[in-house]
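Enquirer: mind folding the following:
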Amino acid sequence: MKFPIYIAKRYLKIRYLFICVICDALLIACAIGFLLAIVLGIAIKPQLLLWAVYSTILAIPPALILYFLVKKNKLNIINIISSISTLGVAVASMAMVVTLSVFNGFSDLVASLFTNFDPQLEITPTEGKTAPADDPVLTSIRQLPEIEVATECVEDQALAVYKDRQAMVTVKGVEDNFEQLTHINDILQGDGHFELHAAELQYGIPGIRLAEALGMGYRYDTLFIYAPRRVGQLDLNDPEDGFVRESDGNVPILYSPGVIFSVQQSKYDNRYILTSVGFARRIFDQQGMLSSLELRLKPGSNFEAVKSYIKELAGTKYQVRDRYEQQDDTFSIMKIEKLVAYLFLTFILIVACFNVIGSLSMLIIDKRDDVSTLRALGANDKQISRIFLLEGWLIAAVGAVIGILIGLLLCWLQQQYGLIALGQSEGSFVVNAYPVSVHPWDIVIVFLTVMAVSFLAAWYPVHHFSRRLLS
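Expert: The predicted model follows:
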């Protein structure tokens, strides 16, 4: 009878090891598949991911139960299971580091694109579209010693007509120092240069997509701007009478300075035309008014402190927004996407920690004789439980450190060599390879998440088995 029982034990050992390997293979496949889906932009079916994870969870308990029923001797397999547990935690940690860093890279890339067009600080009226340019509050803000450049802007909607094409546009009038306020010169294309007016001529710099829609090149002929009158009634017999005219009765015209701008963001490239603030005030009937006051601080200024002080001066009359707040909708969506990816990867980490539960449970059962020795030496149940709890934490901590280091290595390789490219050829996108940016706080969050999940994973077997099997 002993021989068949021995064969059964060996069979269950091999079967359990095989099941653990299969489970971890599924886990690693889930983590890598989810990571590649995010990086490569592949639409992943949630049902497939949940099925794989669910199958992994259900595969472990039956094997544990069958194996524990016949286990009597010490097993070297426990070390193998602990190594597999460490590998699972490492893979999940690596996936979290790489995925969060890719999201950071895209966020920083978008922020750098907006930096070329958006000011450091923008002050807009809380109520209405415009405010008096000579408002004492705005004057006091302009005179702050930390302000290097201040630009008055007037912005509104109009109809642009070029030959037989037309489009609704946003005309943004700025002062001549706009090129000192932003990095507009870095995104200009053409054989001209940044210029808003010359003598009586008014220049307009359109976005690249708007220029394509209207059929304009770097240099174009006259661009007619139709802005609706703010006062008076519309004469249906003469619709053109409802638009602003120049003093000579002609439609306002913009000429080309030989350049167009490309922010690589549809919000600006598809709709905006830059021109002089005087032209914008004239066609929108906003003499002495401004839509926004845009600021650039001197190098070395404490940005947050200056922003807070300007908010105090502005009170409830004006809104003060930095670059991220000016594009709050875009960055909010990116934060939500990053949070969702973090939650998915945390769920995969939880599945990986099921191996920690299995390895600790087997370790506790296997060490019952050693526990008796420790008790004879004076150790109490609390001290013995702490030993096994620390074992679980060490498995997770080693896996977390290994995973984070591998993740950081992969991020560095992507930054230096662009291992994963965007598109089939260079120049297809804004950047040639996936952008990666490692933020220290993300590393801290990943490590704390691993330790928190591993604490729960280690607490259950220690709390459950120490009372039932070690007493």
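
Enquirer: show residues contacting the helix or strand where residue 311 lies.
Expert: Assigned by DSSP states H and E, residue 311 falls within helix 303-314. Around helix 303-314, the neighbours that count as contacts under Cβ atoms under 8 Å, 6 or more residues apart in numbering are 120, 121, 123, 137, 140, 141, 144, 146, 295, 297, 320, 322. Where you see a C-beta, it was placed from the backbone N, CA and C, and this is true even at glycine.

Enquirer: and it, what's buried?
Expert: 306, 307, 310, 313, 314 (16 or more other Cβ atoms under 10 Å).

Enquirer: and these, which is closest to residue 356?
Expert: Nearest to residue 356 among the buried residues of helix 303-314: residue 307, at 46.0 Å, using Cβ to Cβ.

Enquirer: so how far is residue 344 from that closest one?
Expert: 35 Å (Cβ to Cβ, to the nearest Å).

Enquirer: kindly report the same for residue 290.
Expert: From residue 290 to residue 344 the distance is 46 Å (Cβ to Cβ).

Enquirer: measure residue 199 to residue 161 for me?
Expert: With Cβ to Cβ as the criterion, residue 199 and residue 161 are 24 Å apart.

Enquirer: compare the two (neighbour count), which wins?
Expert: residue 161 (16 against 5; other Cβ atoms under 10 Å).

Enquirer: that one touches residue 224, doesn't it?
Expert: Yes: with contact defined as Cβ atoms under 8 Å, residue 161 counts as touching residue 224 (4.4 Å).

Enquirer: mind listing the helices for the stretch 301-450 of the chain?
Expert: Remark: helices assigned in the stretch 301-450 of the chain by DSSP state H, counting those that start in this stretch are 303-314, 323-326, 328-352, 354-366, 368-376, 381-417, 440-468.

Enquirer: looking at the buried residues of helix 303-314, which is nearest residue 156?
Expert: If you rank these by distance to residue 156 using Cβ to Cβ, residue 314 comes first, at 22.1 Å.

Enquirer: quick one: the longest strand seen in the chain to helix 303-314, angle?
Expert: In the chain, ranked by residue count with DSSP state E as the criterion, the top strand is strand 147-162. For strand 147-162 against helix 303-314, the angle by axes from the mean of the first three to the mean of the last three Cα atoms, to 10 degrees is 80 degrees.

Enquirer: by contact count, what packs against the next helix-or-strand element following strand 147-162?
Expert: Using DSSP H and E, the helix or strand that follows strand 147-162 in sequence is strand 165-174. The contact analysis (3 or more Cβ pairs under 8 Å, 6 or more residues apart in numbering; DSSP states H and E) places strand 165-174 against strand 147-162, helix 208-214, strand 272-276, helix 277-283.

Enquirer: closest one to residue 361 among these?
Expert: Closest to residue 361 of the helices and strands packed on strand 165-174 is helix 208-214 (Cβ to Cβ; 61.0 Å).

Enquirer: of residue 290 and residue 344, who's got more company?
Expert: Using other Cβ under 10 Å, the more surrounded residue of residue 290 and residue 344 is residue 290, with 27 against 22.

Enquirer: for that one, list each beta-bridge partner.
Expert: Residue 290 has these beta-bridge partners by DSSP bridges: residue 131.

Enquirer: so it sits right up against residue 133, yeah?
Expert: Yes: between residue 290 and residue 133 there is a contact under Cβ under 8 Å: 4.7 Å.

Enquirer: overlap in contacts of these two?
Expert: residue 152.

Enquirer: and the gap between residue 348 and residue 454?
Expert: 14 Å.

Enquirer: err, residue 268, not the other one
Expert: Distance of residue 268 to residue 454, given as Cβ to Cβ: 47 Å.

Enquirer: measure stretch 287-305 end to end?
Expert: 33 Å (Cα to Cα, to the nearest Å).

Enquirer: next one: stretch 260-273
Expert: Start and end residues of stretch 260-273 are separated by 9 Å (Cα to Cα).

Enquirer: next, residue 221: secondary structure please.
Expert: For residue 221, the secondary-structure state derived from DSSP: H, G, I helix; E, B strand; the rest coil is coil.

Enquirer: roughly how far apart are it and residue 253?
Expert: Going from residue 221 to residue 253 by Cβ to Cβ gives 9 Å.

Enquirer: ditto for residue 397
Expert: From residue 397 across to residue 253, the span is 70 Å (Cβ to Cβ).

Enquirer: hmm, back to that, check the helices and strands packed on strand 165-174 for me and report the most buried one.
Expert: Ranked by mean neighbour count, the helices and strands packed on strand 165-174 are led by strand 272-276 with a mean of 24 (mean count of other Cβ atoms under 10 Å).

Enquirer: now the angle between strand 147-162 and that one, please.
Expert: 120 degrees.

Enquirer: pairing partners for strand 272-276, with directions?
Expert: Partners of strand 272-276 in the sheet, by DSSP bridges, are strand 165-174 (parallel), strand 205-206 (antiparallel).

Enquirer: what's residue 130 in contact with, if anything?
Expert: Residue 130 neighbours (Cβ under 8 Å, 6+ apart): 154, 286, 289, 290, 291.

Enquirer: which one of these is nearest to residue 328?
Expert: Nearest to residue 328 out of these is residue 291 (Cβ to Cβ; 18.0 Å).

Enquirer: name the nearest residue to the closest one, ignoring sequence neighbours.
Expert: What sits nearest to residue 291 in space, not counting adjacent residues and going by Cβ to Cβ, 6 or more residues apart in numbering, is residue 155, at 4.5 Å.

Enquirer: show me what contacts the one you found?
Expert: Residue 155 makes contact with 170, 171, 172, 173, 280, 291, 292, according to Cβ under 8 Å, 6+ apart.
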